[in-house]
Structures are given as C-alpha cells and as structure tokens.
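Chemist: Take this sequence and fold it.
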Amino acid sequence: MDDLYVIDWSSLSNDLIKKIKTGEVIIRNGVARDVLDNYKIVKHIPFQKISVGNGQDLISIAKQIQGGQALIAGSIGLSSVAIIGAVVISTMYICKKLDKIQKSINNLQKVVKQEFLSQNLVYYLEKTTAYFGAVESTRELIAMRYHSNNDVDNNDILIIKLSSLSDLRNQYLFFLDNIIHISDNFSPEHKEIVIDYINVTLNLVPKAFFIESQGYYQLEKIEFGDFIKKESQKKYEMIINKYKEWANREYRAIIAGEHNENSIVLQKKMPEIKSIVNSEENRIMLEYSI
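Modeler: Numbers count the residues shown, from 1 in each chain. Next up, the predicted model:
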C-alpha cells in the first residue's frame, strides 16, 4: 500500500473553489495564489493522507480512491486531476518504472552498436538513464514535504538537481527525435526494440515534466516553473505529433498494400502507440500542478 496526499477540498470555501475553477486562483507548491495579484498567497492548501493499492497507471489509481473528497472536487471538474498530481509526487511511480526503462535502454544500446550508428547517438542514449534517474531523485526531494513531520529545507540540493535536469531533458528529447526517423532503416527485430524504447520513455515524460516544474514551485520560482511547464508541453506535443505522423505514414503504406516485415512490427505495436499518443493521463500531467 502507498500513502498518498490529496487536497482536502472540504476545507476550502466555495468562493475559493469557484476562483480555482475559473482560473483566477492557481495552486502552486501546495498554496493557492491570486493570478491577478502577482501570485499573492491566498491560502495554504491542506492535504489529506489516504492509502491505496498499487495501480497499473495513474488514472486507475485515481479511480481507486474516488470518495468524499473526490466528489467535492468532482463538482468543479477537478476530481481525477487533483488526485493524480499528488499520486505522482507521493508514490514511487517513477522509481517503479526505472527497471523497465533500463532494460529498454540496454536493448537499444545493442541495436545502435549493431546498426553501426554514430557514437554520438550512443552518448545521448546513455543520457536517458541519467535523465530518468535525476527525475526520480528530484521527486524524492519534493516528496519530503509530505512525509516529514518537520519542514525540510532541501532547497540547496534541489537547485543543483534542477539545473542538471534541464540539460538532461533537452538531450533526451534531441535523441528521441533522431531515433524515431533513423529507425526507418532498421531491421524488423531492431525496429520493434526502438518502438519499445520510445513508448516506455515517452509515456513517462509528462510525469517528468510535472516533477521538474513542481521543483521550481517549491523554490517559489512560480513564473519560471510555469515557463518550464509551457515550454516542455510544446516540445512534448512536437515529439508526439512527429511520432504520430511517422506511425500514420507507415500504417497508410500497410493499407495501400505495401506489406513487408516492418509492416508486421508496426501492426503489432500500433495499439500501444495509439495509447501513448492519446493518453488522458499524460495530457493531465502536462496541464496540472499542485
């Protein structure tokens, strides 16, 4: 069982809830802030600890804890959103995925070498491991505020983590953009490994962006955190669109009767690709903050 911390909506006034719904007030770093008054603090948001079992994804976890608080939040259309944000910060969600990511990276490293690709790509692939490891350690730092009875001042460490996280994020996105197109020349076996890598890592990226922006909110750098969130969202949407265009182009060739071994691989992976591209969970993480 995991301990999760969700907003105690019952303690908020109807007027505050209304302003949150209209966007006049936003929640950053556990604090309601007035958007129209230079992010002035309106109220420190109380959180409530609950326990749930492990879910397959964030949406399923949110559904597990639908209850009184969720019903209150649901009345303003924030039920799943409010729950999901706390889940990402409070659980081992990223950490539990790291082994799967590492396995995918190891497989792709072999492919890159076997396909005699540029050593530059090997370098950037190794950065993927560093990126998601840095995301998890950043998540741990942010989560301390929920799990500690005392205020933990770890901002000096957090600043160092966030500075490296920005570079690693851009290196990962650069590599991902390249590997999508290079994979067209791979053998079917290797192409499947590339698609697995893209799907596994791309599905975690919105959670990683969420955590990075939350780190800046904890440092009270609200506008900078918002900037990181918006820029990351643009880059993610760009990658998703390229991935979608690539998959659709390949799929149209199949429909046109241009069947080959690569077509079989794409047909096998298409449901998983669609799930990533159309993920409600990822859309929420790109837009939401706590």
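Chemist: From now on I want contacts and neighbour counts done on CA atoms only, so please keep to that.
Modeler: Noted.
Chemist: how about the strands in the stretch 151-290 of the chain?
Modeler: Assigned by DSSP state E, counting those that start in this stretch, the stretch 151-290 of the chain shows no strands.
Chemist: pLDDT weak spots in it?
Modeler: Applying pLDDT under 70 to the stretch 151-290 of the chain flags the ranges 151-152, 258-262.
Chemist: what's the burial count for residue 38?
Modeler: Residue neighbour count, defined by other Cα atoms under 10 Å, stands at 9 for residue 38.
Chemist: Residue 257 now?
Modeler: 10.
Chemist: Now do the helices for this structure: every range, in order, please.
Modeler: For the chain, applying DSSP state H gives helices covering 14-22, 58-64, 68-74, 79-90, 93-114, 119-147, 155-182, 188-202, 205-218, 222-255, 261-277, 280-287.
Chemist: Return the residues in contact with the residue nearest the centre of the chain.
Modeler: When the chain is reduced to its mean C-alpha position, the nearest residue by Cα atoms, centre = their mean turns out to be residue 207, at 1.7 Å. Counting by Cα atoms under 8 Å, 6 or more residues apart in numbering, residue 207 makes contact with 88, 94, 282, 285-286.
Chemist: which pair in those residues spans the largest distance?
Modeler: With distance counted by Cα to Cα, no two of those lie farther apart than 94 and 286, which are 15.6 Å apart.
Chemist: residues near residue 167, how many?
Modeler: Using other Cα under 10 Å, residue 167 has 12 neighbouring residues.
Chemist: Return the distance of it relative to residue 108.
Modeler: Computed with Cα to Cα, to the nearest Å, the distance linking residue 167 and residue 108 is 22 Å.
Chemist: average model confidence for stretch 109-124?
Modeler: Averaged across stretch 109-124, pLDDT comes to 72.
Chemist: typed the wrong thing, it's stretch 24-39
Modeler: Here the mean pLDDT over stretch 24-39 is 89, rounded to a whole number.
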